[in-house]
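Q: Next comes the sequence, and after it the predicted model I'd like to discuss.
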Amino acid sequence: MHVAFTRAGERLLLSGVVALKDAWPQARSSGPPLNWIGANLEGSLLGRIGADNAAERGKSQPALQTSDTKPTLRGIGSAIVVVWWRFFDWLAVVPWKTLLLVSVLGLILAAMLKDHGWFLLFIVVSVIIKVG
């Protein structure tokens, strides 16, 4: 838990379930970590959670809300670009022997997974980029 809190770069998402009746459960040294975290959250957040729970007790589950997919797709696109350039940079400095070893190990893994197509494409693209 400590490592996750101290290493989070921009965002840290935690999930858990706590039965909120009127207040957050008291933090105990032998209690679940979620109780320790919740005891230190801002009061306004806990108040909002409690109010939402109180308002929802008598109602049926609301319909799922659709989220905006553009930011998600942009994030995925950005991640693909980062992975591509990191691969390209690695390929520029890796020796041929290392590339050959990675290719052989990858082919063994692909054979165990019975999916050669994607890895053969990886090898062809790697050689084309490395030669070019």
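A: Noted; the coordinates are in hand.
Q: just checking, what packs against the host helix or strand of residue 119?
A: Using DSSP states H and E, residue 119 maps to helix 117-131. Other helices and strands packing on helix 117-131, by 3 or more Cβ pairs under 8 Å, 6 or more residues apart in numbering; DSSP states H and E, are helix 69-93, helix 96-113. In short, each C-beta sits where N, CA and C put it, glycine included.
Q: the domain parsing of this protein - what is it?
A: The chain breaks down by automatic domain parsing into domains covering 2-56, 69-131.
Q: Quick check: the gap between residue 83 and residue 97.
A: Noted for residue 83: a distance of 24 Å to residue 97, by Cβ to Cβ, to the nearest Å.
Q: Over to residue 120?
A: 20 Å.
Q: Could you check which of these two has the larger neighbour count?
A: residue 120 (14 against 8; other Cβ atoms under 10 Å).
Q: Hmm, residue 123 is touching residue 102, no?
A: No: the criterion here is Cβ atoms under 8 Å, and residue 123 misses it with residue 102 at 9.2 Å.
Q: what stretches of this structure score poorly on pLDDT?
A: 1-25, 34-67 (pLDDT under 70).
Q: mind redoing it with 90?
A: Along the chain, segments meeting pLDDT under 90 span 1-75, 83-85, 87-93, 106-107, 109-111, 113-132.
Q: residues in contact with residue 116?
A: Counting by Cβ atoms under 8 Å, 6 or more residues apart in numbering, residue 116 touches 107, 110.
Q: Please report the distance of it from residue 105.
A: 14 Å.
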